[in-house]
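Peer 1: Generate coordinates for the sequence data below:
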Amino acid sequence: MKSASLKNWKEWGKKDPYYGVLSEEKFRMQHLSEQALTEFFETGEAFVAQSRKRIQDRFGLDIAKGSILDFGCGVGRLAIPFARITQKEVWGLDISEDIIVRAKAHAAAQGLEHLHFSAYDGARIANIPVVDFVNAYIVFQHIEPKQGMKLMRDLLEHTRHGGVFQVQVTYGHCLPRRVYAHFYLRTRFPLYNYLYSSLKHRRFCREPVMQMNHYSPEKLFALFAAYSDEVHVEFTNHGGHLGAFYTLKKKQSP
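Peer 2: Just a heads-up that it's a prediction; the model follows:
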């Protein structure tokens, strides 16, 4: 992961870990209420239900019967509801130590002893066993593609043979040229972001902003073909950033 992106996500982890995932004002720390926190985790429950149905429909498998790894878990928005539907072990990984502390607190409050959170170094997956289902949602778009492809292969290696791998990845955008240029400059040029943030807030400051990286579908399919004979694709559009869910069942061992 590029150092700037890593640094920005760690800043979100300290200052605004909920808003860093869902960019609505009610999820900012200064506005966060019990109701807003409930709504935040309800979005995770909806995602988990959709994922469970998607995989049942396409592969005839129930992820509730196996172990799960949620990569880029944040405060546990998805990992916690994943842990609620299975009695098997569930792991959540994130690069922010501050976020992991919050995630552990949320899990402990719900008595989810089979849910484990840990921080990783942004370079490789370590100390995690092979699992039945691997999930990564709105994560790889913030990781530079060269490093992201290595991590994706690492995650596929952590998916058991016959297990399921689900990842959402961005490949482009449909934003107006001026809008995208402004976003690009903020993510790539710290001085521009500093000036913009200072004018916006009328004080000297720099808002953390996460880069949005585009992955080559051709390279993704080449990677997936090494692990599966069939890949299901479902397109996404998050605020003009275009991507897709790629869901595959890993080949059985020879």
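
Peer 1: CA only for contacts and neighbour counts going forward, please
Peer 2: Noted.

Peer 1: mind listing the strands for this structure?
Peer 2: Along the chain, the segments classed as strands by DSSP state E run 68-71, 90-94, 115-119, 131-136, 159-173, 231-238, 241-249.

Peer 1: Nearest to Lys219 among those would be which one?
Peer 2: If you check each of these against Lys219 by Cα to Cα, strand 159-173 wins as the nearest, at 11.0 Å.

Peer 1: Between strand 131-136 and the closest one, find me the angle.
Peer 2: Computed by axes from the mean of the first three to the mean of the last three Cα atoms, to 10 degrees, the angle separating strand 159-173 from strand 131-136 equals 10 degrees.

Peer 1: Contacts for strand 159-173 next, please.
Peer 2: With Cα atoms under 8 Å, 6 or more residues apart in numbering as the contact definition, strand 159-173 has outside contacts at 55, 130-141, 156, 212-217, 240-253.

Peer 1: Can you list the strands that it pairs with?
Peer 2: Using DSSP bridges, strand 159-173 pairs in its sheet with strand 131-136 (parallel), strand 241-249 (antiparallel).

Peer 1: export these to CSV and tack on mean pLDDT?
Peer 2: What follows is the strands paired with strand 159-173, written out as CSV (pLDDT from 0 to 100):
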stretch, mean pLDDT
strand 131-136, 99
strand 241-249, 97
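
Peer 1: can you count the residues close to Leu242?
Peer 2: Taking other Cα atoms under 10 Å as the criterion, the count of residues near Leu242 is 17.

Peer 1: any idea how far it is from Met212?
Peer 2: From Leu242 over to Met212 the distance is 10 Å, taken as Cα to Cα, to the nearest Å.

Peer 1: May I have the residues that are in contact with Gly239?
Peer 2: Residues counted as contacts of Gly239 (Cα under 8 Å, 6+ apart): none.

Peer 1: Any chance of the backbone angles for it?
Peer 2: As for Gly239, its main-chain torsions (degrees, to the nearest 10) stand at phi 60, psi 30.

Peer 1: Also Tyr215?
Peer 2: According to degrees, to the nearest 10, the main-chain angles of Tyr215 amount to phi -100, psi 140.

Peer 1: list the contacts for it?
Peer 2: Listed by Cα under 8 Å, 6+ apart, the contact partners of Tyr215 are 141, 145, 169-172.
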